[in-house]
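J.: Provided below are the primary sequence and the corresponding predicted coordinates.
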Amino acid sequence: MKKPLLFCIALVALMASCVEEPTIYLRLPNEDAASIPYQMDDTIKMCNQDGDTLSFIVTYDETKPFSEDYWGYPNDAKMSIIRQPWCYARTVLLHCNSDITDSRLMFTVIPDKYLYFEWNYELAIAEINLNSPTETVEVNGVTYENVHVDSYYDPQTGDLWHLWYYSEEVGLIAVKNKNHSLTLVP
Amino acid sequence: MKKTLFVLCLITFFSGAAFAQLDTVRSNKNEFSIGYGHMPSSSFRYRPGCMFYPETDNIGAIYVTYTRRLTKVIGIGLTFCYDPIHLDYYGTVNGNNTLICKVRENSFTLIPHLKINWLNTKYVNLYSKVGFMGFQHVTYKQEEFYPEIYEVNPAEITHYLDGFQITPVGVEVGTKRCAGFIQCGIGMEGIISIGFRYGLKDKE
């Protein structure tokens, strides 16, 4: 069984090697790229669940070809077909390296304002369509308008997996899971 | 060990085939053929994980071949293949699936080959053919319709040494001078191809 399979794979690889194709990427409109309001070297202050103030600095801001495999499924990709890049995405990385924590926040926006968010990878991962309806929320006594609210709860226990508030004008306002939280310091 | 056995089997097979020809009709020393192949490997597309997969219009490969017979069984030669391909890429523009790019691709390949006639009779010949390390040159002409929305990076004009042809079996039917043929295999001459073979008259 293994040998015919290997033979077929070799045959396909041999035949496919004779063909070159153009690469096509959907461009990222400036308006969509601007939905992450951070620029290189910007600093934002966030308050964690213990009341400590953390300074996050933008250490990475690049627009590059993107595929979903480069984002959230690196382990799955090894077990399946790797999806090829199909669009440009802007990725912004905020990093906080202090005595209290070594933490990072990563935002990636792709065309049509689809935003991926990751907090230290394991603390929170979220995907949100920024064309979806927004809300007005109050955090630490400040009222924010046009805020995207995204929350996930464990369907069985009802425990909070994560909750986050994001605004295209301000950026990340708050994110929290069962044990951790970050809140924007105005 | 397996490799040695395989080589020995090949030698035995071809030696047998060579001796088997003693009482049959000799092939022409120089022969030319022209053929058309369906689904050549230059048209073969398998791009897993691609978001933009083209709609293809494969015309098929047209090829010409020259073979010089070293013996009545073994011949070596060159094959030139031409394969024009039309590719249409579609994408979403304002919510509609729209043609975003047209590519007109032409593949030219020159492959050295080895041809083994393992049955030569008066009217029917059976043969096998292999060719590797072919020189392939591909040209692309592309037309973009939404450059402000989609970035299309052209494939480079390429020069490869991997043009190939493997024909396990081919049948020629006709006379020593002129014959039609049909063959199956994989490579630049297509999965199945038909054509016409002309043999130059040998000097006595």
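T.: That came through, no problem. Numbering: from 1, shown residues only, chains lettered A, B, ... in the order given.

J.: What sits closest to whichever residue of chain B sits closest to chain A if chain neighbours are left out?
T.: Per Cβ to the nearest Cβ, residue B:51 is where chain B lies closest to chain A, at 3.4 Å. No exception for glycine: its C-beta is placed from N, CA and C like everyone else's. Nearest non-adjacent residue to residue B:51, counting by Cβ to Cβ, 6 or more residues apart in numbering or on different chains: residue A:86, 3.4 Å away.

J.: so is the residue of chain B closest to chain A in a helix, a strand, or just coil?
T.: coil (DSSP: H, G, I helix; E, B strand; the rest coil).

J.: What's the first helix or strand after the helix or strand where residue B:107 lies?
T.: If you go by DSSP states H and E, residue B:107 is part of strand B:96-120. Per DSSP H and E, the first helix or strand lying C-terminal to strand B:96-120 is strand B:124-144.

J.: okay, that following strand in CSV with CA atoms only?
T.: Provided in CSV are the C-alpha atoms of strand B:124-144 (Å, rounded to 0.1, in the frame of the first residue of the first chain):
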residue,chain,number,x,y,z
VAL,B,124,3.4,-3.3,-36.9
ASN,B,125,6.1,-2.1,-34.5
LEU,B,126,5.9,-1.9,-30.8
TYR,B,127,8.2,0.4,-28.9
SER,B,128,9.0,2.1,-25.6
LYS,B,129,10.6,5.4,-25.2
VAL,B,130,12.2,7.4,-22.3
GLY,B,131,13.5,10.9,-22.2
PHE,B,132,14.9,12.8,-19.3
MET,B,133,16.9,16.0,-18.6
GLY,B,134,14.9,17.9,-21.2
PHE,B,135,15.4,21.6,-21.6
GLN,B,136,12.2,23.5,-21.0
HIS,B,137,11.6,27.2,-21.8
VAL,B,138,8.3,28.7,-20.8
THR,B,139,6.9,32.1,-21.9
TYR,B,140,4.1,33.9,-20.2
LYS,B,141,1.9,36.7,-21.4
GLN,B,142,-0.5,38.0,-18.8
GLU,B,143,-3.4,40.4,-18.8
GLU,B,144,-4.6,41.9,-15.5
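
J.: Average pLDDT for that strand, rounded please.
T.: Here strand B:124-144 scores 88 as its mean pLDDT.

J.: In terms of secondary structure, what does the next helix or strand after it contact?
T.: Sequence order places strand B:150-153 as the next helix or strand after strand B:124-144, per DSSP H and E. If contacts are counted by 3 or more Cβ pairs under 8 Å, 6 or more residues apart in numbering or on different chains; DSSP states H and E, strand B:150-153 sits against strand A:23-26, strand B:96-120, strand B:124-144.

J.: buried ones in strand B:150-153?
T.: Applying a neighbour-count criterion of 16 or more other Cβ atoms under 10 Å in any protein chain shown, one finds B:150-152 buried in strand B:150-153.

J.: ok, so of these, who is nearest residue B:102?
T.: For the buried residues of strand B:150-153, the residue nearest residue B:102 by Cβ to Cβ is residue B:152; the value is 10.1 Å.

J.: these two touch, right, that closest one and residue B:142?
T.: Yes. Between residue B:152 and residue B:142 a contact is recorded at 6.4 Å, counting by Cβ atoms under 8 Å.

J.: what is in contact with the two at once?
T.: A:22, B:101 (Cβ atoms under 8 Å, 6 or more residues apart in numbering or on different chains).

J.: Point out where chain B drops to low pLDDT.
T.: For chain B, applying pLDDT under 70 flags the ranges B:1-27, B:46-49, B:156-161, B:203-204.

J.: What parts of it come near chain A?
T.: Residues of chain B lying near chain A by Cβ under 8 Å from any Cβ of the partner chain: B:41-52, B:54, B:87, B:89, B:91, B:100-101, B:103, B:107, B:136, B:138, B:140, B:142, B:148-156, B:158, B:160, B:162-164, B:186, B:188.

J.: For residue B:181, list the residues it contacts.
T.: Applying Cβ under 8 Å, 6+ apart, the residues near residue B:181 are B:33, B:35, B:170-173, B:194-197.

J.: How about the contacts made by the closest residue to residue B:150 other than its chain neighbours?
T.: In space, and not counting its chain neighbours, residue B:150 is closest to residue B:100: 5.0 Å by Cβ to Cβ, 6+ apart. Counting by Cβ under 8 Å, 6+ apart, residue B:100 touches A:24, B:52, B:89-91, B:93, B:144-146, B:149-150, B:152.

J.: Please produce a ChimeraX select command covering the buried subset of those.
T.: With 16+ other Cβ under 10 Å as the criterion, this ChimeraX line picks the buried residues out of these:
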select /A:24 /B:52,89,91,144,146,149,150,152
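
J.: could you dump the contacts of residue B:100 to JSON lines with distance to residue B:83?
T.: JSON lines is the format used below for the contacts of residue B:100 (distance: Cβ to Cβ, whole Å):
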{"residue": "A:24", "distance to residue B:83": "22"}
{"residue": "B:52", "distance to residue B:83": "22"}
{"residue": "B:89", "distance to residue B:83": "19"}
{"residue": "B:90", "distance to residue B:83": "23"}
{"residue": "B:91", "distance to residue B:83": "26"}
{"residue": "B:93", "distance to residue B:83": "30"}
{"residue": "B:144", "distance to residue B:83": "23"}
{"residue": "B:145", "distance to residue B:83": "25"}
{"residue": "B:146", "distance to residue B:83": "28"}
{"residue": "B:149", "distance to residue B:83": "31"}
{"residue": "B:150", "distance to residue B:83": "26"}
{"residue": "B:152", "distance to residue B:83": "22"}
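
J.: Name the member of the contacts of residue B:100 with the shortest distance to residue A:146.
T.: Using Cβ to Cβ, these come closest to residue A:146 at residue B:149, 26.2 Å.

J.: Was I right to think the closest one contacts residue A:26?
T.: Yes. If you go by Cβ under 8 Å, residue B:149 and residue A:26 touch, sitting 6.9 Å apart.

J.: The closest residue to chain B within chain A: how many residues sit nearby?
T.: Residue of chain A nearest chain B, by Cβ to the nearest Cβ: residue A:86 (3.4 Å). Neighbourhood size, residue A:86 [other Cβ atoms under 10 Å in any protein chain shown]: 21.
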